[in-house]
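Participant: Okay, here's the prediction I keep looking at, along with the sequence it came from:
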Amino acid sequence: MKTATLHSSSPQQTLALATALARVLKGGEIVLLRGPIGAGKTVFVKGVAQALGLKSSPTSASFSLMKKYHNKKTVLFHIDLFRLEGEEVLNLGFEEMLEDEHAIILAEWPGPIERMLPADRLEMNFVLEQGDARTLELSAFGPVSCRLLEALCLAAPL
Ligand SMILES: Nc1ncnc2c1ncn2[C@@H]1O[C@H](COP(=O)(O)OP(=O)(O)O)[C@@H](O)[C@H]1O
Ligand SMILES: [Mg+2]
C-alpha cells in the first residue's frame with residue numbers, strides 16, 4: 001500500500017488533478033471517492049470524463065446510480081450509491097460494468113459494490129477544510145493504482 005496527502009485550494013485545482021489522472025488512465029482502473037457531500041468528488045469525476053473527451057451515454061435501470069461515459073476506445077462508469085445499502089443494489093445492472101475489465105470505474109459512496117471490485121484500487125478521501133480548501137488523502141492498493149497515485153502527486157501544487 002502507498003499513501004499520499006494532497007491539497008486543493010479551488011475547484012480549478014481539483015480539475016487540474018482530475019486532468020492529470022486522466023492522462024495516465026489506460027482502462028481497467030478503479031477509483032473509490034470518499035468524503036462528505038460537497039467535498040468535490042463529483043467535480044473530480046466530471047473533470048476526468050471531460051479531460052478524456054468522453055460523452056455520457058444513457059444507461060438502463062441504474063441510470064441515477066451509474067452514469068456511463070464513452071468514446072471509441074474508452075468506457076468510464078461514474079457510480080454514486082449515496083445512502084444505498086445492501087445486496088439488492090447488485091441487481092440494478094452493474095453486470096456490464098463488473099464484467100468489463102477495461103472499464104474505468106470511479107465510484108462515490110461505493111459501499112455495496114466495494115467488495116465486488118478488484119483489490120488494486122485508488123482510494124481518494126476528500127476532506128473539507130476552510131472555504132474552498134480540500135485535503136485529498138490517497139491510498140493505493142496495488143501496482144496499477146500506485147501509478148495513478150504517483151501521477152497525481154507529480155501534478156499536485158506544492
Ligand atoms: N477545492 C475544491 N475542489 C472541488 N470542489 C470545490 C472546491 N472548492 C469548492 N468546491 C465546490 O464544492 C462543490 C463540490 O460539489 P460536488 O463535487 O458535487 O461534491 P460531492 O460529489 O463530493 O458531494 C462544488 O460546488 C464545487 O464548486
Ligand atoms: Mg457527488
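Facilitator: Structure's in. What do you need? Predicted model only: the values in this text are computed from it and were never measured. Ligands and ions are numbered 1, 2, ... in the order given.

Participant: and residue 119, helix, strand or coil?
Facilitator: coil (DSSP: H, G, I helix; E, B strand; the rest coil).

Participant: Tell me, how many residues neighbour it?
Facilitator: 9 (other Cβ atoms under 10 Å). Backbone N, C-alpha and C define where each C-beta goes, glycine included.

Participant: Just read off the phi/psi values of it.
Facilitator: Torsion angles at residue 119 (phi, psi; degrees, to the nearest 10) stand at phi -70, psi -30.

Participant: I'd say it and residue 140 touch.
Facilitator: No - the criterion here is Cβ atoms under 8 Å, and residue 119 misses it with residue 140 at 10.9 Å.

Participant: quick one: common contacting residues for these two?
Facilitator: Common neighbours of residue 119 and residue 140 are not found (criterion: Cβ atoms under 8 Å, 6 or more residues apart in numbering).

Participant: Which helix or strand contains residue 47?
Facilitator: Secondary structure from DSSP states H and E places residue 47 in helix 41-51.

Participant: outside of that helix, which residues touch it?
Facilitator: 11, 14-15, 17-19, 21-23, 25, 33-35, 56, 69, 76, 78, 80, 104, 106, 108, 124, 126.

Participant: Mind checking which of these land in strands?
Facilitator: 33-34, 56, 69, 76, 78, 80, 104, 106, 108, 124, 126 (DSSP state E).

Participant: and those residues, which two are the farthest apart?
Facilitator: Spatially, the most separated pair among the ones in strands among the contacts of helix 41-51 is 34 and 56, at 23.1 Å (Cβ to Cβ).

Participant: Of those two, give the one with the bigger neighbour count.
Facilitator: A direct count of neighbours by other Cβ under 10 Å for residue 34 and residue 56 places residue 34 higher, at 17 against 13.

Participant: Appreciated, that's everything.
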